[in-house]
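> got a sequence here, can you model it:
(one chain, ligands or ions: 1)
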Amino acid sequence: MPATSFKVTLQTENLQETRYFSANADKTILQSAELAQIYPLSSCRNGTCRTCISTLISGEISYNIDWPGLSAEEKLAGLMLPCCAHPLSDLVMRLGA
Ligand code: FES
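Got it, this is the predicted structure:
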């Protein structure tokens with residue numbers, strides 16, 4: 001069965017550019033971006049370093065680890081870590097916090 005695919009709208013941190021790519025539910029958002037030849041900053045790729053921190057403007061995600069390096073308050077404020085987040089719907093997100 002093919003993986004569910006969603007559309008991601010990605011704004012750069014300075015809002016000068018908007019990119020679009022498809023993200024499969026079975027891949028992290030960072031992996032899907034890289035498959036589309038979009039390379040957000042990243043380092044640990046396991047939710048620890050926060051290098052990839054981004055802002056989720058709309059859409060639903062899930063994490064493949066129990067405690068990504070975000071506080072509950074940061075998650076409520078829309079911050080996300082695309083290196084360990086998977087899409088559950090179409091997403092609009094912005095690089096950076
Ligand atoms: S690359 Fe380290 S938290 Fe995402």
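> what stretches of the protein score poorly on pLDDT?
Within the chain, the stretches falling below the threshold (pLDDT under 70) are 1-3.
> what does it put close to the ligand?
Proximity of the chain to the ligand is confined to 42-45, 47-52, 69, 81, 83 under the rule CB under 6 Å from any ligand atom. To be clear about C-beta, it is placed using only N, CA and C from the backbone, and glycine gets the same treatment.
> out of these, which end up buried?
Neighbour counting over the residues of the chain next to the ligand (16 or more other CB atoms under 10 Å) leaves 42, 45, 47, 50, 52, 69, 81, 83 as the buried ones.
> list the residues that contact the fourth one.
Applying CB atoms under 8 Å, 6 or more residues apart in numbering to R50 gives the contacts 69-70, 81.
> so the spatially most central residue of the chain: helix, strand or coil?
The central residue of the chain, meaning the one whose C-alpha is nearest the mean C-alpha position (CA atoms, centre = their mean), is P82 at 2.9 Å. P82 falls in the coil class when you classify it by DSSP: H, G, I helix; E, B strand; the rest coil.
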